[in-house]
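Chemist: Have a look at this prediction, sequence included:
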Amino acid sequence: MRKLLILVHRYLGILFSLLFFMWFVSGIAMIYARGMPSLTPEARLEHLPALNPANIRLTPAQALTKAELGSPPEAAKLLNIVNRPAYRFEIGGGFVTVFADNGELLDVTAEVASEAAHQFTKLPEDRVHAAGVLDSVDQWTILARRHLPLHKFIVEDDFGTELYVSGATGEAVVLTTRNGRRLAWISAIPHWMYFEALRKDSWLWRQVILWTSGPATVAALIGLVLAVIQYRRKPPHIPYKGWLRWHYITGAVFGILTATWVFSGFLSVEPWYWASDGAMGGPQAAALQGAELDLRKFPTGLPQISEAADAKEIEFLAIQSDPYYRVRTDSSLAALVSAPAMNVRLEPFSIESIIERVTSPTPDLRILEAAVLEDYDSYYYAFDRTAPLPVLRIKFDDPESTWLYVDPQSSELVARAHRRERINRWIYHGFHSLDFSFWYYSRPVWDIAIVGLCLGGTLLSFIGIVIAWKRVWRAVVRTAR
């Protein structure tokens with residue numbers, strides 16, 4: 001058995017040492033890069049021009065009639081598209097946009113996309129160049145499939161900017177810079193295996209992740225077992241010399257981290273879909289909304305109040321069966337305005353009303369706890385602390401032991417954590433990011449610990465690469481002779 005474990009560890013190491021090295025090095029970069037280059041919601045809002053009330057001639061209901069959707073939209077917004085006010089309706093994952101000045105439907109032609117790019121960059125036309133239309137995603141638009149076709153533009157600026165305008169909405173949806181692209185090649189792309197040729201096929205990409213991280217986890221676990229059974233009571237305690245000795249030492253020190261990190265990476269694509277679905281959430285979110293979005297309840301597209309003077313985007317909402325505008329401005333702060341009274345809502349919704357609606361789909365279920373959290377707990381949190389607070393946490397006595405988190409300010413369901421999701425939180429995020437509350441927000445303490453551990457894993461992997469290379473080279477030479 002000992003010889004079998006050594007052989008399995010040896011040949012899995014030959015196969016996966018380079019992958020271990022790539023994952024550890026890119027993991028360090030991921031701490032600061034965080035993900036693929038994108039257009040953040042804040043940057044998107046910053047580039048949106050303010051709405052001009054004088055140009056809004058259609059009410060939301062009139063625009064909906066022009067859209068001819070056939071059923072109520074799932075979401076509706078008012079914003080500027082190519083410097084014209086427009087209502088954007090979302091239904092079934094698609095978009096229909098109606099201009100609010102004359103009722104025309106948006107058709108994102110090359111000219112429209114070019115105008116949108118120029119207005120976004122605020123640069124002269126001779127510095128923004130069309131670079132073609134994408135009918136399938138490229139390296140930087142993997143997560144923007146729903147916006148295909150995508151119009152690509154090269155921007156002549158100091159940052160090497162490339163901009164993609166959605167063929168579905170006529171709005172910029174992806175922005176990359178030269179440094180952002182370079183950083184992605186040493187962070188998110190190798191760490192997540194987001195290589196264009198692979199990631200275009202979601203099924204294939206998932207199988208590659210499973211069939212690399214799975215056997216790699218086995219290799220790391222066998223290494224831990226060997227670290228124990230190969231240790232000798234009498235000197236020399238470590239029965240290896242040279243590179244193998246250092247591989248044994250680094251494996252004994254950093255092997256647990258390596259095994260748990262690779263295993264949590266295996267869990268990142270949720271094998272067997274073991275933690276998803278099967279719990280409450282959808283009916284409760286609908287109950288908080290209270291009714292389908294009825295745009296006839298909104299007398300105008302832009303509420304005539306001071307908070308809407310510099311509005312860049314108006315979202316139409318149904319909250320507890322009542323119509324509300326959500327007004328966003330430069331500050332990214334959203335004002336909630338009731339319609340048709342045109343009053344700004346400053347007070348949160350009552351806890352009693354939220355609980356009444358959340359329990360209405362399942363009146364027989366008992367609530368174990370309902371508490372307002374002023375700070376994040378272990379299952380509702382954000383690295384950048386942007387998740388809304390305070391939040392109402394409601395624990396149910398259902399078979400899945402579901403916890404729901406509701407934002408009292410907007411009466412919206414913002415998170416859910418049933419039993420399997422809470423387990424997954426610890427064995428995936430906990431192992432992979434070490435995001436424990438005692439140091440996760442205490443930077444740079446968390447950074448120092450994570451980088452130090454990753455450097456140890458990098459050293460272990462590098463030594464594995466050297467050993468693998470030496471063994472393969474000897475085999476090649478022996479075969480050649």
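Modeler: Looks like it came in fine.
Chemist: hey, let's count contacts and neighbours off CA atoms from now on
Modeler: Noted.
Chemist: If you count residues, where's the longest helix of this structure?
Modeler: Using DSSP state H, we find that the single longest helix of the chain is helix 445-480.
Chemist: helices and strands around that one, which ones?
Modeler: Helices and strands touching helix 445-480, by 3 or more Cα pairs under 8 Å, 6 or more residues apart in numbering; DSSP states H and E, are helix 2-33, helix 242-267, helix 437-440.
Chemist: tell me how far that helix is from the chain's mean position?
Modeler: Taking the mean of its C-alpha atoms, helix 445-480 sits 31 Å from the chain's own mean (Cα atoms, centre = their mean, to the nearest Å).
Chemist: now do stretch 411-421
Modeler: For stretch 411-421, the distance to the chain centre is 16 Å (Cα atoms, centre = their mean).
Chemist: what would the helices and strands packed on helix 445-480 look like in a markdown table with distance to residue 367 and mean pLDDT?
Modeler: Converted to a markdown table, these look like this (distance: least, Cα to Cα, whole Å; pLDDT from 0 to 100):
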| stretch | distance to residue 367 | mean pLDDT |
| --- | --- | --- |
| helix 2-33 | 38 | 94 |
| helix 242-267 | 31 | 95 |
| helix 437-440 | 26 | 82 |
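Chemist: so which of those is the most packed in?
Modeler: Mean neighbour count (mean count of other Cα atoms under 10 Å) peaks for helix 242-267 among these, with a mean of 20.
Chemist: Summarise which helices and strands that helix is packed against.
Modeler: Helices and strands touching helix 242-267, by 3+ Cα pairs under 8 Å, 6+ apart, are helix 202-229, helix 431-433, helix 445-480.
Chemist: In the longest one, which residues are buried?
Modeler: Of the residues in helix 445-480, those buried by neighbour count under the rule 16 or more other Cα atoms under 10 Å are 446-447, 450-451, 453-468.
Chemist: and what of stretch 382-397?
Modeler: By neighbour count on 16+ other Cα under 10 Å, the buried set for stretch 382-397 is 388-396.
Chemist: Spell out which residues make up each domain of the chain.
Modeler: Following automatic domain parsing, one gets these domains for the chain: 1-32+192-278+444-481, 40-96+292-346, 107-163+170-186, 348-417.
Chemist: Take the ones you listed and write them to a markdown table, including distance to residue 435.
Modeler: Listed next are those as a markdown table, based on distance: least, Cα to Cα, whole Å:
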| stretch | distance to residue 435 |
| --- | --- |
| domain 1-32+192-278+444-481 | 8 |
| domain 40-96+292-346 | 23 |
| domain 107-163+170-186 | 22 |
| domain 348-417 | 9 |
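Chemist: between those domains, which gets nearest to residue 432?
Modeler: Proximity to residue 432, assessed across the domains of the chain by Cα to Cα, is greatest for domain 1-32+192-278+444-481 (5.1 Å).
Chemist: Can you get me the start-to-end distance on the closest one?
Modeler: Start to finish, the residues bounding domain 1-32+192-278+444-481 are 32 Å apart (Cα to Cα, to the nearest Å).
Chemist: Residues contacting the helix or strand of the chain with the lowest mean pLDDT, please?
Modeler: Comparing every helix and strand of the chain by mean pLDDT, DSSP states H and E singles out helix 437-440 as the least confident one, with a mean of 82. Residues outside helix 437-440 that contact it (Cα atoms under 8 Å, 6 or more residues apart in numbering) are 378, 383, 434, 445-446.
Chemist: and residue 53, what are its phi and psi?
Modeler: Phi and psi for residue 53, reported as degrees, to the nearest 10, are phi -60, psi -30.
Chemist: separation between it and residue 293?
Modeler: Distance of residue 53 to residue 293, computed by Cα to Cα: 23 Å.
Chemist: Show me which of these two is the more surrounded one.
Modeler: residue 293 (20 against 16; other Cα atoms under 10 Å).
Chemist: State the phi and psi torsions of that one.
Modeler: In terms of degrees, to the nearest 10, the main-chain angles of residue 293 are phi -70, psi 110.
Chemist: Cross-check the contact I'm expecting between it and residue 317.
Modeler: Yes: in this structure, residue 293 is within contact of residue 317 by Cα atoms under 8 Å, at 6.6 Å.
Chemist: Give me the residues contacting stretch 242-259.
Modeler: In contact with stretch 242-259 (Cα under 8 Å, 6+ apart) are residues 217, 220-221, 223-224, 227, 238-240, 453, 456-457, 459-460, 463-464, 466-467.
Chemist: and if we set it to 6 Å?
Modeler: 217, 220-221, 227, 460, 463 (Cα atoms under 6 Å, 6 or more residues apart in numbering).
Chemist: How are the strands of the stretch 101-250 of the chain distributed by residue range?
Modeler: For the stretch 101-250 of the chain, the strands defined by DSSP state E, counting those that start in this stretch cover 128-134, 150-155, 162-166, 172-176.
Chemist: Out of the ones you listed, the one nearest residue 3 is which?
Modeler: Among those, strand 172-176 comes nearest to residue 3, with 50.9 Å by Cα to Cα.
Chemist: Off-centre distance for the helix or strand hosting residue 352?
Modeler: Taking DSSP states H and E as the criterion, residue 352 maps to helix 351-359. Centroid displacement of helix 351-359 relative to its chain, using Cα atoms, centre = their mean, is 29 Å.
Chemist: Could you list the paired strands of the next helix or strand after it along with their orientation?
Modeler: Sequence order places strand 367-373 as the next helix or strand after helix 351-359, per DSSP H and E. Applying DSSP bridges to the sheet, strand 367-373 is found paired with strand 391-396 (antiparallel).
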